[in-house]
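Participant: A structural model of the following input is requested.
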Amino acid sequence: MRKRTGERHTHTVPKTIPARAHPLVRPLFELMIRECASYELVAKRSGVSWHTIRRWRRGQPPDLQNLDACYNVFDYRLEACKSPVN
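Facilitator: Below is the predicted model of the structure:
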């Protein structure tokens, strides 16, 4: 019998975004779904472990530098902007 490992998930493209996913990573998963980008592809191009990306999906807060690297895969970047004054 073949031993199951976490590697079987690396070629998977997310199909949904769980409610527990951190708010900063939700748009990243939307991009991954829209572009049919697997965890392995984003990990390889960003230099961020696919395990880390999967943990974000489960609610772990992202490191901003790693998150920015993942967004860069899709030609996006994290940027702070000033809130409008009320």
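Participant: where do the helices sit along this structure?
Facilitator: Secondary structure of the chain (DSSP state H): helices at 26-35, 39-46, 50-57, 64-72.
Participant: wait, which of those is closest to Arg20?
Facilitator: Using C-beta to C-beta as the measure, helix 50-57 is the one of those that comes nearest Arg20, at 8.3 Å. The way it works is simple: take the backbone N, C-alpha and C, and place the C-beta from them, glycine included.
Participant: show me what that closest one is packed against.
Facilitator: Under the contact criterion of 3 or more C-beta pairs under 8 Å, 6 or more residues apart in numbering; DSSP states H and E, helix 50-57 touches helix 39-46, helix 64-72.
Participant: so which elements touch the first one?
Facilitator: Judged by 3+ C-beta pairs under 8 Å, 6+ apart, helix 39-46 is in contact with helix 50-57, helix 64-72.
Participant: would you mind giving those helices as JSON lines with mean neighbour count added?
Facilitator: Shown next, in JSON lines, are the helices and strands packed on helix 39-46 (neighbours: other C-beta atoms under 10 Å):
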{"stretch": "helix 50-57", "mean neighbour count": "18"}
{"stretch": "helix 64-72", "mean neighbour count": "17"}
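Participant: related to what we said a few turns ago, any chance of JSON lines for the helices of the chain, columns distance to Leu78 and mean pLDDT?
Facilitator: What follows is these, written out as JSON lines (distance: least, C-beta to C-beta, whole Å; pLDDT from 0 to 100):
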{"stretch": "helix 26-35", "distance to Leu78": "10", "mean pLDDT": "94"}
{"stretch": "helix 39-46", "distance to Leu78": "13", "mean pLDDT": "96"}
{"stretch": "helix 50-57", "distance to Leu78": "14", "mean pLDDT": "92"}
{"stretch": "helix 64-72", "distance to Leu78": "5", "mean pLDDT": "97"}
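Participant: picking up where we left off before, could you dump the helices and strands packed on helix 50-57 into JSON lines with distance to His11 added?
Facilitator: Converted to JSON lines, the helices and strands packed on helix 50-57 look like this (distance: least, C-beta to C-beta, whole Å):
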{"stretch": "helix 39-46", "distance to His11": "6"}
{"stretch": "helix 64-72", "distance to His11": "17"}
